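Peer 1: Curious how this folds, go ahead:
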Amino acid sequence: PGFVFFGGGKPIRFRVPYTAIRAMLREGPRLHLALDPRAAAPHNRFTLTRFSHDPASAVLRAFRVHTAVRWLSWLLPLPLGGTYDYRVPDDTALADGDFVTVPLGARKATGVVWGKGQGSVPEAKMKDVFARLDCPSMPEVCRCFIDWVTRYTLSAPGAVLKMAMSVPDALNPPKPVSAYALNPKAEGFRMTKARERVLKVLAEGPPRPVTELALEAGTGPGVVRGLADAGAIIPVQLPDRATVLEAGPDWQKPGPDLSPDQARAAEKLQEGTERGGFGVVLLEGVPGSGKTEVYFQAVAEALKHGGQVLVLLPEIALSAQWLTRFKERFGALPGVWHSDLTAAQRRVTWRAVAEGRTRVVVGARSALFLPFPDLALIVADEEHDPSFKQEDGVIYNARDMAVVRAQLGGFPIVLASATPSLETVLN
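Peer 2: The predicted model follows:
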């Protein structure tokens, strides 16, 4: 936790959770804060409310830190009937949505703080929380979405939560990479041609891990380690490359010239995105009519106002052609989410979305459960496609659930298709 000074007369000093501080730093001058007067309630140390983009809108997020309560309820990503109460140690402050580890029988399980405990378990039988994970909290709107899907599909809440926690490794921060750099004070070591090549690579570039350094120098890892033992190079820690900020999509990059009909449709989508608030728009057009370029205008508008964007596509449509068109339009590739990703790729993407570093994600139906903190637009392309329906486990239609996600978040959704489904046309 840290301290923030709240303006308006004499500054008020109050403690805020780390997740709120990170949000403030990311939002910058667009941030509007309010201190909830209910902070005096016995179960809250305080409540900090952050309005997104427009302080007059109904889109807000509350950060609650529980310090007085001795027990809280946890939801675990298991097919169980509800939440479980655990005791919070006196020296621990937790917020709703925090990811934590708790004891479950003889093993350790990871769950999410879901709210105040019910107090139905005798305190003598209550178990303590192990630790809070170093990961952004699950946004309140995501937790509301999980509860809504649970009720609508008559599924176990833990089974729905599991779809939102599909990458457990992403809950821990990436480990730093061990690398080597030149030692400017090195002297008195034996020089060989192989060692000379290694030192030349380091002299001409940044520190590198052992394997990469040996590959570029055309030698084996043993030569690198020998230089390290001789003191010619020194070990350094580099941040994981997945956490290094890369250039994101550029909304200012001009798009192609649109026809009059395309321009009128794009203008309507842009107006709805800029205005904000929930709304559903059907973008209908024959194949090759330029629907993608039209909704790219809405994507650019959402990015302009600092929001995140989710484009849902059937897996068969997640082709290199679509990604190439996106890169040509915005100058960078979006985040990608589908079943063919490796575990490492899924970990990187999930963490980048949760931290707000990935601004645009294109993915299959499961991308709907990623923990977007600032989602401002959803596009469901080929909304009629039957592959949006999941028929095992939690049974749902991603197109319908995307509409619900937009309604809960208070932002627009675009349904695009050449042959819209009857449900979309009538509703």
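
Peer 1: Helices along this protein, start to end?
Peer 2: For the chain, the helices defined by DSSP state H cover 18-27, 140-153, 157-164, 193-204, 210-217, 221-229, 260-275, 291-304, 320-330, 343-354, 398-409, 422-426.

Peer 1: ok, and for the second one, which residues are buried?
Peer 2: Neighbour counts using 16 or more other C-beta atoms under 10 Å place 140-143, 145-150, 153 of helix 140-153 among the buried residues. All C-beta spots, glycine's among them, are computed from the backbone N, C-alpha and C.

Peer 1: That helix - contacts with which helices or strands?
Peer 2: Applying 3 or more C-beta pairs under 8 Å, 6 or more residues apart in numbering; DSSP states H and E, we find helix 140-153 packed against strand 60-66, helix 157-164, strand 396-397, helix 398-409.

Peer 1: Save these as a markdown table, and put in mean pLDDT and distance to residue 200 too.
Peer 2: Shown next, in a markdown table, are those (pLDDT from 0 to 100; distance: least, C-beta to C-beta, whole Å):
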| stretch | mean pLDDT | distance to residue 200 |
| --- | --- | --- |
| strand 60-66 | 43 | 51 |
| helix 157-164 | 95 | 49 |
| strand 396-397 | 96 | 57 |
| helix 398-409 | 96 | 53 |
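
Peer 1: could you dump these to CSV with distance to residue 334 and mean neighbour count?
Peer 2: Shown next, in CSV, are the helices and strands packed on helix 140-153 (distance: least, C-beta to C-beta, whole Å; neighbours: other C-beta atoms under 10 Å):
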stretch, distance to residue 334, mean neighbour count
strand 60-66, 24, 20
helix 157-164, 20, 22
strand 396-397, 23, 20
helix 398-409, 17, 21
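
Peer 1: hey, what's the closest residue in space to residue 98 that isn't next to it in sequence bridged with?
Peer 2: Leaving aside its sequence neighbours, residue 98 sits nearest to residue 113 (C-beta to C-beta, 6 or more residues apart in numbering; 4.7 Å). With DSSP bridges as the criterion, residue 113 is bridged to residue 74.

Peer 1: Please tell me how far residue 147 sits from residue 83.
Peer 2: 11 Å (C-beta to C-beta, to the nearest Å).

Peer 1: any residues in contact with both of the two?
Peer 2: By C-beta atoms under 8 Å, 6 or more residues apart in numbering, residue 147 and residue 83 have these common neighbours: residue 157.

Peer 1: so who does residue 76 touch?
Peer 2: Residues in contact with residue 76 (C-beta under 8 Å, 6+ apart) are 84, 102, 104, 109-111, 158, 161.

Peer 1: again but with residue 181, I slipped
Peer 2: 202, 206-207, 233-234, 236 are the contacts of residue 181 under C-beta under 8 Å, 6+ apart.

Peer 1: Pull out the buried residues from stretch 105-112.
Peer 2: Neighbour-count burial for stretch 105-112 [16+ other C-beta under 10 Å]: 109-112.

Peer 1: nearest to residue 187, of the residues you listed?
Peer 2: Checking these against residue 187 by C-beta to C-beta gives residue 110 as the nearest, at 50.1 Å.

Peer 1: was I right about the closest one contacting residue 168?
Peer 2: Yes. At 6.2 Å, residue 110 and residue 168 qualify as touching, with contact defined as C-beta atoms under 8 Å.

Peer 1: picking that back up, kindly reformat the buried residues of helix 140-153 as TSV containing distance to residue 260.
Peer 2: Output for the buried residues of helix 140-153, formatted as TSV (distance: C-beta to C-beta, whole Å):
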residue	distance to residue 260
140	42
141	37
142	40
143	44
145	38
146	43
147	45
148	40
149	41
150	46
153	43
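
Peer 1: and the two most separated of the residues you listed?
Peer 2: Across the buried residues of helix 140-153, the longest distance by C-beta to C-beta is 20.6 Å; it joins 140 and 153.

Peer 1: Please pull out the lowest mean pLDDT helix or strand from this structure.
Peer 2: strand 47-51 (a mean of 38; mean pLDDT, DSSP states H and E).

Peer 1: Where does pLDDT dip in the protein?
Peer 2: Along the chain, segments meeting pLDDT under 70 span 1-70, 240-247, 317.

Peer 1: one more time with 80, if that's ok
Peer 2: The chain contains residues with pLDDT under 80 at 1-71, 90-92, 118-124, 176, 238-247, 315-319.

Peer 1: most distant residue from the middle of it?
Peer 2: The outermost residue of the chain, judged against the average C-alpha position, is residue 188 (50.2 Å), by C-alpha atoms, centre = their mean.

Peer 1: which residues touch that residue?
Peer 2: Counting by C-beta under 8 Å, 6+ apart, residue 188 has no contacts.

Peer 1: how much space is there between it and residue 232?
Peer 2: To residue 232, residue 188 is 10 Å away according to C-beta to C-beta.

Peer 1: repeat for residue 353
Peer 2: Counting by C-beta to C-beta, the gap from residue 353 to residue 232 is 42 Å.

Peer 1: same check, this time on residue 397
Peer 2: 62 Å.

Peer 1: Just want to know which of residue 353 and residue 232 has more residues nearby.
Peer 2: residue 353 (25 against 22; other C-beta atoms under 10 Å).

Peer 1: ok, back up a step: could you work out the most separated pair of the buried residues of stretch 105-112?
Peer 2: 109 and 112 (11.0 Å).

Peer 1: who's in contact with residue 118?
Peer 2: When the contact criterion is C-beta under 8 Å, 6+ apart, the partners of residue 118 are 73, 83, 85.

Peer 1: would you turn those residues into CSV with neighbour count and distance to residue 421?
Peer 2: Output for those, formatted as CSV (neighbours: other C-beta atoms under 10 Å; distance: C-beta to C-beta, whole Å):
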residue, neighbour count, distance to residue 421
73, 19, 38
83, 20, 36
85, 19, 43
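
Peer 1: Quick one: those as a markdown table, columns for distance to residue 383 too.
Peer 2: Compiled in a markdown table, the contacts of residue 118 are given as follows (distance: C-beta to C-beta, whole Å):
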| residue | distance to residue 383 |
| --- | --- |
| 73 | 36 |
| 83 | 34 |
| 85 | 41 |
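
Peer 1: The closest residue to residue 325 other than its chain neighbours - how many residues pack around it?
Peer 2: Among residues not flanking residue 325 along the chain, residue 292 sits closest, at 6.3 Å (C-beta to C-beta, 6+ apart). When neighbours are defined as other C-beta under 10 Å, residue 292 has 18 of them.

Peer 1: What's the separation between residue 292 and residue 353?
Peer 2: From residue 292 to residue 353 the distance is 22 Å (C-beta to C-beta).
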